[in-house]
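K.L.:
After the sequence you'll find the predicted model.
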Amino acid sequence: MLELTSLRGFPVSVPESAAEDPSPRFTIGQDAEIAAYYEENGYVIVRALIDAKTCDEMRAIWDNEVKPSKAFLYRQRSSRPERHDIGESGFVMNAVANVQSVDPRTFGRLRDFGTGQILTSPNLIAVFRALIKGKPKLVNSMYFEGNEGSLDHRDGYYFESENLGAMAAAWVALEDIRAGAGRFFISPRSHRFAFPESARDPNLLLEHDVYIKDVLAGLREGGYEYRAPGLEKGDVLFWHGWTILARSPPATPLVRARRSRFMRSPSRTGSGCARSRTCRPPR
C-alpha cells in the first residue's frame, strides 16, 4: 500500500495490488448492481467497458497527430487556447478540453475517433443511462497525458444540470494506471452530505473560498475517507457530481503518464451547463 495525501492534506492509502483494493468491480450487463452501488456510494467502477484495442488506437492518435503539433488547443486548466506545456517527464501537462469540439481540419482523427469510439461508446452510454435514469448529454470532456493533480472539490459546483444532482462523470483509463502515476481519489458516500448553499445559487459563484471550506468541512465532520482505486486499460470509473474527489500528482516526476479520457454528462431531463466560464475545478 502506498501512503499519500491529497493536495489539501487528507490521507489516502493507494493500493498497489488488487488484493489491497477495497473497491468492487462490475462488468458489462450488471446494470442493476452498477446502479445500486453508485446510488449508495457515489461512484462505481466497470471493468473493461472500453475495448483495449480502442484504447491503444486512441493513444496512437494522440502520439501521432496531437502531441507533435504546435497548434493551439483549448485547455482544461485555463479554458484558453494554448500550445502544449511539456513537463520534465516529457508529457503534455495541460489537458486538452472538449475533444468533441476540436478543429476537425487539424485534429480530425482525435475528434472523430474520440467522439465516435469512446465518448459515444454504446457500452459507456448504457451505463450512464442506468446511473442517471435517462438519456445522457455530453457537456464536457478532457484528454490527459501528464498529470498535475487537482485539489479536493465537487464537480457539481462547476458543472451541473438544471436538475440538481443529475450530473454524472466518467474517467476512462486508456492504459493501466499504476499506484504512483496519480490516481483519482474518490470519497465514498460523500455525495450524501448536504450540498452547501454556496453551490446552489449561481449568483454566489464568486464565493469560491466559502464553497471549498464547506467541502473540506464535510470531509472532516462526516468522517469520510478517500479511496484510490486501481484501473486497468479500458476500465471506467463513474462518479456522482456531488461526490468529493481529488487527483494526486505522480509520486515521482518521471513516472509513467496517466493517459485517460474524462467526461461529464447530465440526464436528458436537465440541460447541462458549465455554471461559469471562469470558475474551474481547482488545481
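P.N.:
Arrived safely, thanks for sending.

K.L.:
Tell me where the stretch 1-150 of the chain has strands.
P.N.:
Listed in chain order, the strands of the stretch 1-150 of the chain (DSSP state E, counting those that start in this stretch) span 2-5, 11-14, 43-46, 73-74, 81-82, 96-97, 140-144, 150-154.

K.L.:
List the buried residues in the first one.
P.N.:
Spelled out, that is strand 2-5. Neighbour counts over strand 2-5 (16 or more other Cβ atoms under 10 Å) mark 2, 4 as buried. (C-beta placed from N, C-alpha, C; glycine too.)

K.L.:
Output the contacting helices and strands for it.
P.N.:
strand 11-14 (3 or more Cβ pairs under 8 Å, 6 or more residues apart in numbering; DSSP states H and E).

K.L.:
What is the strand it packs on packed up against?
P.N.:
Applying 3+ Cβ pairs under 8 Å, 6+ apart, we find strand 11-14 packed against strand 2-5.

K.L.:
What strands line up against the strand it packs on, and which way round?
P.N.:
Strand 2-5 pairs in its sheet with strand 11-14 (antiparallel), by DSSP bridges.

K.L.:
can you give me the mean pLDDT across the partner strand?
P.N.:
Strand 11-14 shows a mean pLDDT of 92.

K.L.:
outside of it, which residues touch it?
P.N.:
Contacts to strand 11-14, defined as Cβ atoms under 8 Å, 6 or more residues apart in numbering, come from residues 1-6, 20, 179-180, 183, 185, 226-228, 248.

K.L.:
mind running it again at 6 Å?
P.N.:
Residues outside strand 11-14 that contact it (Cβ atoms under 6 Å, 6 or more residues apart in numbering) are 1-5, 179, 185, 226, 228.

K.L.:
related to what we said a few turns ago, let me know which of the strands of the stretch 1-150 of the chain is tucked in deepest.
P.N.:
Ranked by mean neighbour count, the strands of the stretch 1-150 of the chain are led by strand 43-46 with a mean of 26 (mean count of other Cβ atoms under 10 Å).

K.L.:
I'd like the distance from it to the chain centre, please.
P.N.:
The chain centroid and the centroid of strand 43-46 are separated by 12 Å under Cα atoms, centre = their mean, to the nearest Å.

K.L.:
what helices or strands is that strand leaning on?
P.N.:
Judged by 3 or more Cβ pairs under 6 Å, 6 or more residues apart in numbering; DSSP states H and E, strand 43-46 is in contact with helix 31-41, strand 236-240.

K.L.:
What is the shortest one packed up against?
P.N.:
Going back to what we said before, that points to strand 236-240. Packing contacts for strand 236-240, counted by 3+ Cβ pairs under 6 Å, 6+ apart, involve strand 43-46, strand 168-173.
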